[in-house]
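Colleague: sequence first, predicted model second:
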Amino acid sequence: SAVQQSSGDSGEKMLKVATHWEKATFDPALWGDGGSVKAGISIFETLLALDEDRNLIPSLAESWDVSDDRKTYTFHLRKGVRFHAGYGELTSEDVAYTLERLSDPEVGATDTKSKCKVDNIESMDTSDPYVFVLHLKEADNEILMDFASWYTNIISKKAYEELKPSGFGAKPVGTGPFEYESGKPAEAYIVKRFDDYWGEKALLDKVQITMLADESSRINLYNACEVDIMSLNDSNNILKFGETEGCEVKKVAGAGCYYLGMNLEKEPFTNPKVREALKYAINYDEMLNDYWRGTLFPPTGYVQSYCIYASTAEESGFTYEYNPEKAKQLLAEAGYPNGYTIDVPLSSKYPFKTKIATAIQDQARAAGFTLNLSEVDGAAYNDMDLGGQIPLGVSNWYVDYIDPDGMIYQRFAPIVTMTHSSKYQNPEFDALLNEGRQITDESKRQEIYSKADQMITRQDYAAIPICHETKYYLMNSAVKNFEVTDMFRFHFETAELS
């Protein structure tokens with residue numbers, strides 16, 4: 001039985017998971033996204049959470065109050081919430097310390113200016129251990145969503161100061177339903193049920209996570225009954241296992257988008273006609289239906305349907321016409337009648353992006369673009385991106401919360417673009433984003449984000465959407481109630497092995 005496969009001699013129920021990539025630290029400030037550590041969401045918790053309908057609900061905070069000017073937020077913390085490993089009770093000081101740490105340059109937290117917006121914090125009040133009061137410099141409509149997102153996972157001040165950064169990154173301390181037991185992130189590790197958890201206890205005894213970049217190696221483990229769940233990326237494997245008895249392929253239509261991103265300060269992409277030409281150089285039907293055999297889905301714009309205020313294809317007017325002749329004409333009008341050769345660096349850490357670039361390479365050649373693809377290691381690619389050295393690349397982004405601000409601001413606000421290789425900047429666009437953050441009228445915000453999406457995809461061509469992100473997970477029939485959210489967060493607390 002699956003329990004025998006996954007339980008060991010002791011009879012304890014241990015779910016075994018194989019995945020293709022994880023961040024090499026348990027420290028949530030350094031993850032980069034909520035899916036970076038598969039058990040991370042079960043180790044740590046946030047003040048608020050989202051229910052199945054994407055409404056904010058209590059988590060570590062039982063309730064919260066917002067001032068009329070939306071600059072003061074008061075969170076009433078649950079009493080009796082315990083940290084793992086005997087590190088005591090959660091207090092408002094732990095919440096304040098979590099946020100302070102995000103703004104500490106020595107910590108090197110990931111993207112905090114565009115995410116948690118720590119620079120907008122005026123002050124924090126922790127005089128009551130069970131009440132955390134946050135004062136902002138400017139009103140922020142999305143701050144509550146931030147407190148339901150992975151980058152505000154609450155850590156233990158005592159544990160972090162005692163363990164120091166390297167120790168905490170290797171042996172994390174949170175308040176979640178599972179606690180760290182052994183192993184290393186980005187290799188293999190085990191978490192166990194936290195019996196002093198404040199909420200409903202997990203049904204599993206343990207979860208083991210193993211990282212294997214090679215999909216065939218993951219499949220070998222699955223076929224040998226060594227893992228119960230594994231990530232699937234290859235479309236042929238997705239379709240094959242979908243037809244295999246005793247297997248379930250779980251599809252998660254995620255809150256994200258793959259797109260071509262260009263450096264708007266580098267030739268030839270300083271010319272908008274070249275950027276538009278590239279859009280007509282992509283054969284979406286061939287790529288999505290033939291190359292990926294229908295396992296990926298065409299975009300309706302940059303902001304996809306998971307987000308509130310997202311437009312349908314009909315509403316957005318986004319089209320994906322493959323027209324090599326029109327692309328050549330636009331290139332000629334831009335001063336490149338003989339086409340253009342472009343270097344396209346790719347990170348070896350993301351083979352799926354290389355597959356997208358390879359699929360586009362042949363199509364774009366007929367439209368006058370010669371794409372020279374090359375792979376570099378992940379660290380080198382990041383350095384090139386931060387140095388503004390990537391003229392054209394395959395990018396992706398998925399939201400940390402359901403507001404389109406999470407898709408657009410965090411990728412195309414100048415605080416992001418001007419510190420990476422995009423270099424996109426349009427004062428009208430920037431004003432739209434700032435207005436969307438300040439107002440609460442839903443119809444007006446719908447109008448703002450629809451216009452912003454149109455500007456980056458069909459006016460300025462700062463991004464050329466390729467597909468909406470979709471992930472697949474292979475599970476054996478013994479796994480029950482395992483949940484992966486639209487933001488690709490693994491939830492093990494409800495999972496069972498039958």
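Modeller: Ah, there it is. Numbers count the residues shown, from 1 in each chain.
Colleague: could you report the distance from the closest residue to residue 366 other than its chain neighbours to residue 392?
Modeller: Distance criterion Cβ to Cβ, 6 or more residues apart in numbering; nearest residue to residue 366, sequence neighbours excluded, is residue 324 at 4.5 Å. Any C-beta I mention is one placed from the backbone N, CA and C, and that applies to glycine too. The spacing between residue 324 and residue 392, counted by Cβ to Cβ, to the nearest Å, is 18 Å.
Colleague: which of the two has more neighbours?
Modeller: residue 392 (23 against 18; other Cβ atoms under 10 Å).
Colleague: how about the residue nearest to residue 366, what does it touch?
Modeller: 280-281, 366-368 (Cβ atoms under 8 Å, 6 or more residues apart in numbering).
Colleague: starting at the chain centroid, how far to the longest strand seen in the chain?
Modeller: Criterion DSSP state E: the longest strand present in the chain is strand 247-262. Offset of strand 247-262 from its chain centre (Cα atoms, centre = their mean, to the nearest Å): 10 Å.
Colleague: quick one: average pLDDT of that strand?
Modeller: Strand 247-262 carries an average pLDDT of 88.
Colleague: repeat for stretch 180-188
Modeller: In this model, stretch 180-188 carries a mean pLDDT of 93.
Colleague: in that stretch, what's buried?
Modeller: 180, 185 (16 or more other Cβ atoms under 10 Å).
Colleague: same thing with stretch 380-394?
Modeller: 381, 384-385, 388, 390-394.
Colleague: I'd like these laid out as JSON lines, including pLDDT.
Modeller: Formatted as JSON lines, the buried residues of stretch 380-394 follow (pLDDT from 0 to 100):
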{"residue": "381", "pLDDT": "92"}
{"residue": "384", "pLDDT": "94"}
{"residue": "385", "pLDDT": "92"}
{"residue": "388", "pLDDT": "93"}
{"residue": "390", "pLDDT": "96"}
{"residue": "391", "pLDDT": "96"}
{"residue": "392", "pLDDT": "97"}
{"residue": "393", "pLDDT": "96"}
{"residue": "394", "pLDDT": "95"}
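Colleague: which one of the residues you listed sits closest to residue 183?
Modeller: Here the nearest of the buried residues of stretch 380-394 to residue 183, counting by Cβ to Cβ, is residue 381; it sits at 27.2 Å.
Colleague: what's the closest non-adjacent residue to the closest one?
Modeller: Residue 381 sits nearest to residue 347 (Cβ to Cβ, 6+ apart), 3.8 Å away.
Colleague: which positions within stretch 15-32 qualify as buried?
Modeller: 15-23, 25-31.
Colleague: going through those, which one is the model least confident about?
Modeller: Minimum confidence in the buried residues of stretch 15-32 sits at residue 21, scoring 79.
Colleague: surely it touches residue 211?
Modeller: Yes: applying Cβ atoms under 8 Å as the test, residue 21 and residue 211 come out as touching, 6.7 Å apart.
Colleague: can you show me the helices along the stretch 1-150 of the chain?
Modeller: Secondary structure of the stretch 1-150 of the chain by DSSP state H, counting those that start in this stretch: the helices cover 2-7, 40-43, 92-102, 143-146.
Colleague: ok, then the element right after the last one?
Modeller: Right, the one you point to is helix 143-146. Per DSSP states H and E, the first helix or strand lying C-terminal to helix 143-146 is helix 157-170.
Colleague: okay, the angle between that next one and helix 92-102?
Modeller: 40 degrees (axes from the mean of the first three to the mean of the last three Cα atoms, to 10 degrees).
Colleague: helix/strand/coil for the residue nearest to residue 219 when sequence neighbours are not counted?
Modeller: Nearest non-adjacent residue to residue 219, counting by Cβ to Cβ, 6+ apart: residue 237, 6.8 Å away. Secondary structure state of residue 237, per DSSP: H, G, I helix; E, B strand; the rest coil, is helix.
Colleague: residue 237 contacts residue 218, correct?
Modeller: No: counting by Cβ under 8 Å, residue 237 stays clear of residue 218, with 9.5 Å between them.
Colleague: out of those two, which sits in the more crowded spot?
Modeller: Using other Cβ under 10 Å as the criterion, residue 237 and residue 218 rank with residue 218 on top: 25 against 19.
Colleague: where's the more buried one, which helix or strand?
Modeller: Counting by DSSP H and E, residue 218 is found in helix 215-223.
Colleague: check which helices and strands that helix sits against.
Modeller: strand 14-19, strand 229-232 (3 or more Cβ pairs under 8 Å, 6 or more residues apart in numbering; DSSP states H and E).
Colleague: what comes into contact with it?
Modeller: Looking at what lies outside helix 215-223 - Cβ under 8 Å, 6+ apart - the contacts are 18-20, 210, 212, 227, 230-234, 237, 474, 476.
Colleague: helix/strand/coil for residue 302?
Modeller: coil.
Colleague: do you know the pLDDT at it?
Modeller: 86.
Colleague: is it in contact with residue 408, as I believe?
Modeller: Yes: at 7.1 Å, residue 302 counts as touching residue 408 under the criterion of Cβ under 8 Å.
Colleague: joint contacts of these two?
Modeller: Contacts common to residue 302 and residue 408, judged by Cβ under 8 Å, 6+ apart, are 453, 456.
Colleague: which parts of stretch 49-62 are buried?
Modeller: Buried residues in stretch 49-62 (16+ other Cβ under 10 Å): 49-50, 54, 56, 59-61.
Colleague: over to stretch 221-232?
Modeller: 222, 226-232.
Colleague: of those residues, closest to residue 131?
Modeller: residue 229 (39.9 Å).
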